[in-house]
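Undergrad: what shape does this take:
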Amino acid sequence: MAAEKPAPVKVLYCGVCGLPAEYCEFGPDFERCKPWLRAHAPGVYPDELIASSSGGDDKDVDKVAVRLQGVGISADGSTSAGGASASKQEDVKRLPGGKLKKKDKQEVIIEKIVRNKRKCVTVVKGLELFGVKLTDASKKLGKKFATGASVVKGPTEKEQIDVQGDISYDVVEFITDTWPDVPESAIYFIEDGRKVAAA
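TA: Below is the predicted model of the structure:
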């Protein structure tokens, strides 16, 4: 005897986020999904969960949720409110599908790489985050230090400027003088695998 084929399961997908209705609460924006769920999938969630925010009790719940979002836990176990988590939220960008992407910090990193025992290359990364055009910057660096400078893709697929020679300490003053938008406090050196402030 042949076994009966199971009937396909019909899945109700949310019209707002595109996830199955049961997973909307884990999606990118559950608040936007609530009206659609009330109209098209009334039995999926309890009424308390998707209740409108016009009632007094829901406002209290929202206040608690806002307060909880402002509290952070640090590595030493102490809790902090407000400022630390707010800056972390600003560094995060929401991508389609609810994924989060951290924004790059605005900093210039200068690293000296030694090749063939005596030859050095100074790598300058992050100037583009301050609105500096890398091709123009490489020309100015090459002209100022009378050496070869070029824009190349680094190991992280981001563009960087490679300057021949050891100009790592002279380049800080040149960068701050040439591009006033780049503060000296945002320039760092990589020394022995550690990031050290230039100032």
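
Undergrad: for the rest of this, base every contact and every neighbour count on C-alpha atoms.
TA: Fine.

Undergrad: this protein: strands as residue ranges?
TA: For the chain, the strands defined by DSSP state E cover 71-73, 79-81, 92-94, 100-102, 108-115, 119-125, 149-153, 159-164, 187-191, 194-197.

Undergrad: to Thr176, which of these lies closest?
TA: Closest approach to Thr176 among these (C-alpha to C-alpha): strand 187-191, 9.2 Å.

Undergrad: list the buried residues of that closest one.
TA: By neighbour count with 16 or more other C-alpha atoms under 10 Å, strand 187-191 contains the buried residues Ile187, Tyr188, Phe189, Ile190.

Undergrad: with stretch 192-199 instead?
TA: Neighbour-count burial for stretch 192-199, counted by 16+ other C-alpha under 10 Å, picks out Ala198.

Undergrad: quick one on the thing from earlier: lowest average confidence across the strands of the chain, which one?
TA: In terms of mean pLDDT, the lowest-scoring of those is strand 79-81 (a mean of 52).

Undergrad: surely Leu127 meets Thr135?
TA: No - judged on C-alpha atoms under 8 Å, Leu127 makes no contact with Thr135 at a distance of 10.8 Å.

Undergrad: looking at these two, which has the bigger crowd around it?
TA: Neighbour totals were compared for Leu127 and Thr135, and Leu127 leads with 22 against 14 (other C-alpha atoms under 10 Å).

Undergrad: model confidence score at that one, please.
TA: 87.

Undergrad: which non-adjacent residue is nearest it?
TA: Distance criterion C-alpha to C-alpha, 6 or more residues apart in numbering; nearest residue to Leu127, sequence neighbours excluded, is Val108 at 5.8 Å.

Undergrad: where's the one you found relative to Gly27, distance?
TA: From Val108 across to Gly27, the span is 36 Å (C-alpha to C-alpha, to the nearest Å).

Undergrad: which one's more surrounded, the two?
TA: Neighbours were counted for Val108 and for Gly27 using other C-alpha under 10 Å; Val108 has more, 24 against 17.

Undergrad: show me the contacts for that one.
TA: Val124, Lys125, Gly126, Leu127, Ala186, Ile187, Tyr188 (C-alpha atoms under 8 Å, 6 or more residues apart in numbering).

Undergrad: where does pLDDT dip in this protein?
TA: Residue ranges of the chain with pLDDT under 70: 1, 46-104, 199.

Undergrad: please parse it into its domains.
TA: 11-69, 71-103, 108-197 (automatic domain parsing).

Undergrad: and the nearest residue in space to Tyr13 that is not next to it in sequence, what is it in contact with?
TA: Nearest residue to Tyr13 in three dimensions, chain neighbours excluded: Pro20, at 4.2 Å (C-alpha to C-alpha, 6+ apart). Contact analysis of Pro20 by C-alpha under 8 Å, 6+ apart lists Val11, Leu12, Tyr13, Cys14.

Undergrad: just read off the phi/psi values of the first one.
TA: Backbone geometry at Val11, expressed as degrees, to the nearest 10, gives phi -110, psi 130.

Undergrad: how close does the nearest residue to it once chain neighbours are set aside get to Tyr188?
TA: Once flanking residues are discounted, Val11 sits nearest to Pro20: 6.6 Å by C-alpha to C-alpha, 6+ apart. Distance, Pro20 to Tyr188, using C-alpha to C-alpha: 47 Å.
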